[in-house]
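>>> Using only what follows, build the 3D model:
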Amino acid sequence: MKQRCLILIALSCVACENRPDPVKDPVGAEVQTGTIRLEEVAQVSSPVFLTSPPGDARLFVLEQAGRIRVVEDGQLLATPFLDISSKVGSGGERGLLGLAFHPAYASNGYFFVNYTDRNGDTRIERYRASADRNRADPGSVKRLLSIDQPYANHNGGMLEFGADGMLYIGMGDGGSGGDPLGNGQKLSTLLGKLLRIDVDRGDPYGIPAGNPFVGRAGARGEIWAYGLRNPWRFAFDHAGGNLYVADVGQNALEEITVVASASGGVNYGWNRMEGARCFRAESCDRGGLQIPQVDYPRSDGCSVTGGYVYRGRRIPNLVGHYFYADYCRPGLRSFHSSPAVTDQRLWDLPQATQVSSFGQDSEGELYVLSHGGRVFKIVPG
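Numbers count the residues shown, from 1 in each chain. Have a look, this model is predicted:
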């Protein structure tokens, strides 16, 4: 099997073969200078995600090794909000990978994390904030899900609440290359899927009655969508009513797919297809498969890093633009989708290197995380 980057958050990308040259128009996009710039807000160790509780001005930044750091009033606090590094297996594509605050966090203090443990398996857990608003209570932990990982890569990692109040979980296909276990198209496994669970009903969680495969023999009821390789980052745009899924490619294409948020049962195609092409075949049955709105070749990157639709107030001319990046190519990219894609842009921002993730604060402003340690805010140029 061809050696490739074990990325998303893998440091090995630095030594990848055939790494693309910087700053090239990837998909016919118009190269942009000015209008926006990146303003540094913090430096932390290997940042992989950023988010804020609803209505809260603080920023919470995940460090891959297992710590959640707080930026308050422009200052990085010395003491982590939560440190679970003792039980996190970190390195390559493993680590503390996702964080989501409960919609009612202000009253219940609940938040949820997605990490790989010391054996490399996925764990989804709930914690609660302590009496100190900048410290979590590590003793409040409750395990929701345990998912065995057959290989070291393609762990997914994203957590996000939908407008329906359900928790959505992104799971990769289990790793290796080419999905050797066929998990993407199997409904009997949680790997290669987008899951949807109810954290407010059931113990440890409930399965929503509206999930598309509830009651189907041999299928897991938690599954909301399937056919995914490694959906490292996905995002809901509640204002537009769409879900954006950035799925990391195998050898040929990186892809972003836009569907209506309420669309359950979507088959994103892996491993029958990679991007808009058949995988390892001249032709294939495309019936029932969702074709991505955007894909780009590996000559223009090596691992798509999904972001968010901009809904802030500081840059009004970019409201509605979905921002994303590639781990191996400096700069940012964006497009407008409704869901037809228009106005594709490539933003010449040399600081945006090894982009491991984007973040969004409670006011809809966007952030860019460089795996080298720098956290930036997108601000007017």
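>>> Could you use CA atoms for every contact and neighbour count after this?
OK.
>>> Work out for me the element V61 sits within.
Using DSSP states H and E, V61 sits within strand 59-63.
>>> counting contacts, what elements does that strand pack onto?
With contacts taken as 3 or more C-alpha pairs under 8 Å, 6 or more residues apart in numbering; DSSP states H and E, strand 59-63 sits against strand 47-51, strand 67-72, strand 96-101.
>>> would you list these in CSV and tack on distance to S357, mean neighbour count and mean pLDDT?
Formatted as CSV, the entries for these read as follows, by distance: least, C-alpha to C-alpha, whole Å; neighbours: other C-alpha atoms under 10 Å; pLDDT from 0 to 100:
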stretch, distance to S357, mean neighbour count, mean pLDDT
strand 47-51, 6, 26, 98
strand 67-72, 15, 22, 98
strand 96-101, 10, 26, 98
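>>> With V266 as the reference, name the closest of those strands.
strand 96-101 (22.6 Å; C-alpha to C-alpha).
>>> Pull the residues that contact stretch 204-215.
The set of residues external to stretch 204-215 that reach it, using C-alpha atoms under 8 Å, 6 or more residues apart in numbering, is 142-144, 196-200, 219-224, 264-265.
>>> same deal with stretch 62-79?
Here stretch 62-79 has contacts from 41-42, 44-50, 57-61, 80-86, 88-91, 94-99, 134, using C-alpha under 8 Å, 6+ apart.
>>> swap the cut-off to 6 Å and go again
The list of residues contacting stretch 62-79 from outside it, by C-alpha atoms under 6 Å, 6 or more residues apart in numbering, reads 45-49, 58-61, 80-85, 88, 90, 95-96.
>>> so where do the helices sit in this structure?
Per DSSP state H, the chain has helices spanning 105-108. These are given in chain order.
>>> give me the low-pLDDT residue ranges for it?
Along the chain, the parts satisfying pLDDT under 70 run over 1-28, 30, 33-34.
>>> hey, which strand is longest across it?
strand 136-147 (DSSP state E).
>>> Buried residues in that strand, which are they?
For strand 136-147, the buried set under the neighbour-count rule, 16 or more other C-alpha atoms under 10 Å, comprises 136, 138, 147.
>>> same deal with stretch 319-330?
320-330.
>>> cool, stretch 302-318 as well?
Judged by neighbour count (16+ other C-alpha under 10 Å), stretch 302-318 contains these buried residues: 302-312, 315, 318.
>>> Let me have those in CSV, adding distance to L187 as columns.
Formatted as CSV, these follow (distance: C-alpha to C-alpha, whole Å):
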residue, distance to L187
C302, 28
S303, 26
V304, 25
T305, 26
G306, 25
G307, 27
Y308, 28
V309, 30
Y310, 34
R311, 35
G312, 38
I315, 42
L318, 39
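>>> Of the residues you listed, which belong to strands?
The strands in this structure, assigned by DSSP E, contain 304-305 from the buried residues of stretch 302-318.
>>> Enumerate every residue touching G174.
Taking C-alpha under 6 Å, 6+ apart as the definition of contact, the neighbours of G174 are 149-151, 154, 191.
>>> what about L253, neighbour count?
Each residue near L253 was counted by other C-alpha atoms under 10 Å, and the total is 23.
>>> distance of the closest residue to it other than its chain neighbours from N230?
If the residues on either side of it in the chain are set aside, L253 comes closest to P297, at 4.6 Å by C-alpha to C-alpha, 6 or more residues apart in numbering. According to C-alpha to C-alpha, to the nearest Å, P297 stands 17 Å off from N230.
>>> higher neighbour count, these two?
In this view P297 and N230 are compared by other C-alpha under 10 Å, and N230 has more residues nearby, 30 against 16.
>>> how about the nearest residue to that one, chain neighbours excluded?
Counting by C-alpha to C-alpha, 6+ apart, G172 is the residue found nearest to N230 once chain neighbours are left out, at 4.1 Å.
>>> hang on, that neighbour packs against N155?
Yes - taking contacts as C-alpha atoms under 6 Å, G172 lies within contact range of N155: 4.9 Å.
>>> which stretches of the stretch 201-350 of the chain form strands?
Counting by DSSP state E, counting those that start in this stretch, residue ranges of the strands within the stretch 201-350 of the chain are 223-226, 233-237, 242-247, 253-260, 266-267, 273-274, 277-278, 294-297, 304-305, 321-326, 329-337, 341-347.
>>> Redo these as a markdown table? Include distance to D179.
As requested, these are arranged in a markdown table below (distance: least, C-alpha to C-alpha, whole Å):
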| stretch | distance to D179 |
| --- | --- |
| strand 223-226 | 13 |
| strand 233-237 | 19 |
| strand 242-247 | 14 |
| strand 253-260 | 15 |
| strand 266-267 | 15 |
| strand 273-274 | 11 |
| strand 277-278 | 14 |
| strand 294-297 | 19 |
| strand 304-305 | 18 |
| strand 321-326 | 22 |
| strand 329-337 | 25 |
| strand 341-347 | 29 |
